[in-house]
Each structure stands twice: as C-alpha cells, then as structure tokens.
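[1] below: sequence and its predicted model.
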Amino acid sequence: MQSAYDVALICLNGHVVNDHSLDRPDRNTKHCMKCGQIAINKCVNCNGPIRGAAARVYGGYQLPGYCSECGKPFPWTAAAISAAKDYADILEGITTSEKEEIKLAIGELAAESPKQTVAAAKFRKIAAKAGQAALDGFQKILVAVVSETIKKSIWP
C-alpha cells in the first residue's frame, strides 16, 4: 500500500528543499541552496522518513517540528529553541529568574500542547520587559517553529 504522504527533504536549518522528494526527485539537492546546510529526508534520531506533503497535493506544506515516528524535535526545531534560550541569556532589563522563566516558556512554545497558551502569555509578559527589540529578536528566531496562533498571541 502506498503512503498518503510523500517524503520531505529539509535542510538542517529548516529550509524545505523538496516536500515531494519521491514524486519529484528532480528537485532534490544534497545541500540547501539558501544556506548550504546538508538536506535530510530521515529523522536523525530514529531514521524514520520526514513526512512530506500529501501525495499528489502541491502547495501548503508546513514545516514539521517533530518526528512523526519517534516524537523528537527535528534539528531545526532544536536549534531554534536553543538559540532562543541563548538569546534570553543576553537580554537586559529582566532578572536572572525571569530569564529562567522565559527559557522554560520557550520550550513549550514549539510544541502544541495545553501548556502552550500559558507559556505564550508568560513569554510575552517577560520579553516585553526587555523591550520591543527583544520581542523582534525572538520572533526572527522562533518564527518557523511556533504555530500561527502563538505567533499572533505573542506578536500581534
């Protein structure tokens, strides 16, 4: 039985190289043309295929954050969370304990769960203390790994 989904080819930075790597192999490349990173089509943790777009449906593909086989974050999700936490450490205008709170919230923002809304509210409240530049910086880091709903609640 053929899968309802193709296999995606995505670079380690999260740029979609080809969301139909089996159906349209002529679009496959070993490296990303945007950043030069290696392109992968399997989870680095379990070797399961990265779910691509629905078979024979072109357009509307959304970058996955987590593996559908093992549930672990893909490299681009882990990198964005790590970068956002590093960014929190260099912010001025918030206390050390607020930096720790914001780092905990960042981990929740990328995973759609019941805790996500509360995490977004905490994140916005604390990040706003550090100023608009801090919010803008976080947006650039996290834009690809948070849902549209969370984006709108943090960056209206």
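    Cool, the structure landed.
[2] separation between Lys85 and Pro75?
    Distance, Lys85 to Pro75, using C-beta to C-beta, to the nearest Å: 16 Å. C-beta coordinates here come from the backbone N, C-alpha and C atoms, glycine included.
[3] over to Leu12?
    Leu12 sits 5 Å away from Pro75, going by C-beta to C-beta.
[4] list residues touching both of the two?
    Common contact partners of Leu12 and Pro75 (C-beta atoms under 8 Å, 6 or more residues apart in numbering): Ile40.
[5] and stretch 30-50, how far apart are its ends?
    15 Å (C-alpha to C-alpha, to the nearest Å).
[6] any buried residues in that stretch, and which?
    Neighbour-count burial for stretch 30-50 flags Cys32, Gln37, Ala39, Ile40, Asn41, Cys43, Pro49, Ile50 (criterion: 16 or more other C-beta atoms under 10 Å).
[7] quick check, the last one in contact with Val44.
    No - the pair formed by Ile50 and Val44 falls short of the contact definition of C-beta atoms under 8 Å, at 9.9 Å.
[8] can you list residues touching both of those two?
    Going by C-beta under 8 Å, 6+ apart, residues that sit against Ile50 and also against Val44 are Phe74.
[9] domain ranges for this protein, per the record?
    Here the domain assignment for the chain is 5-54, 75-154, based on automatic domain parsing.
[10] need those in a markdown table (columns: distance to Cys67).
    Converted to a markdown table, the domains of the chain look like this (distance: least, C-beta to C-beta, whole Å):
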| stretch | distance to Cys67 |
| --- | --- |
| domain 5-54 | 4 |
| domain 75-154 | 10 |
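[11] turn those domains into TSV, columns for mean pLDDT.
    Formatted as TSV, the domains of the chain follow (pLDDT from 0 to 100):
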stretch	mean pLDDT
domain 5-54	97
domain 75-154	95
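[12] of those domains, which is nearest Gly60?
    domain 5-54 (7.5 Å; C-beta to C-beta).
[13] and that closest one, how far apart are its ends?
    4 Å.
[14] just stretch 143-156 next, same as before
    Stretch 143-156 has an end-to-end distance of 13 Å (criterion: C-alpha to C-alpha).
[15] list the buried residues for that stretch?
    Ala144, Val145, Val146, Ser147, Ile150, Ser153, Ile154.
[16] of those residues, which belong to strands?
    Judged by DSSP state E, strands contain none of these.
[17] farthest pair in those residues?
    Spatial extent of those (C-beta to C-beta) is set by the pair Ala144 and Ser153 at 16.9 Å.
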